[in-house]
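*Asks:* Could you work out the structure for the sequence below:
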Amino acid sequence: MNRVVLVGRLARDVELRYTQSGTAVGSFSIAVNRRKKVDGQPEADFFNATIWQKAAENFANFTHKGARVAIEGRLQTSSYQNKEGQNVFKTEVIVESFDLLETRAESESYKQGQNSNDPFSQPANNPFSGGNEMNITDDDLPF
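*Replies:* Model prediction:
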């Protein structure tokens, strides 16, 4: 089985191109956090990815460098010869689906530089913080 799921931030804007037959193809890099080193400094892995057709156009239109996204797809390795005649191998994620993990307002705020310039130093959002405590008894459960 060849499946990969990555959650991170775009390391660069999507480069949207079209093939001669008019098929959209987008190329981008995604930075994915690793566990922090002992000294507390964040580390990240950078993965190249390609997305095709209408999904490529949508992804390019609704994302930008720094946007937090989840991508799902497969790994693909290809090779070519460089100018020196050496074989070069390239592994990338072929994206089959994606999710935007920020609201439009969060995304625009990040894009305009109101957030930290270092996306890896930001604390994760806790969807339960600031909420009211609920008192649930067994009588409230439907089973």
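*Asks:* buried sites along stretch 49-58?
*Replies:* Burial within stretch 49-58, assessed by neighbour count using 16 or more other CB atoms under 10 Å, is assigned to Ala49, Thr50, Ile51, Ala56, Glu57. For every residue, glycine as well, the C-beta is placed using N, CA and C.
*Asks:* Tell me the gap between the helix of greatest length in the chain and the middle of its chain.
*Replies:* Secondary structure of the chain per DSSP state H: the longest helix is helix 53-62. The chain centroid and the centroid of helix 53-62 are separated by 13 Å, computed with CA atoms, centre = their mean, to the nearest Å.
*Asks:* excluding its backbone neighbours, what's nearest Gln81?
*Replies:* Leaving out its chain neighbours, the residue that sits closest to Gln81 by CB to CB, 6 or more residues apart in numbering is Asn87, at 6.0 Å.
*Asks:* can you pull the buried residues of the strand or helix carrying Leu75?
*Replies:* Leu75 is part of strand 68-81 when elements are defined by DSSP states H and E. Of the residues in strand 68-81, those scored as buried under the neighbour-count criterion (16+ other CB under 10 Å) are Arg68, Val69, Ile71, Gly73.
*Asks:* residues contacting the first one?
*Replies:* Just to be clear, that refers to Arg68. Taking CB atoms under 8 Å, 6 or more residues apart in numbering as the definition of contact, the neighbours of Arg68 are Val7, Gly8, Arg9, Leu100, Leu101, Glu102, Pro119.
*Asks:* are any of those buried, and which?
*Replies:* Listed as buried from the contacts of Arg68 are Gly8, Arg9, Leu100, Glu102, Pro119; burial here means 16+ other CB under 10 Å.
*Asks:* which one of the residues you listed is nearest Ser21?
*Replies:* Using CB to CB, the shortest approach to Ser21 within the buried ones among the contacts of Arg68 belongs to Leu100, at 28.1 Å.
*Asks:* pretty sure that closest one contacts Phe62?
*Replies:* Yes: the pair Leu100 and Phe62 qualifies as a contact (CB atoms under 8 Å) at a distance of 6.1 Å.
*Asks:* any common contacting residues for those two?
*Replies:* Residues touching both Leu100 and Phe62 (CB under 8 Å, 6+ apart): none.
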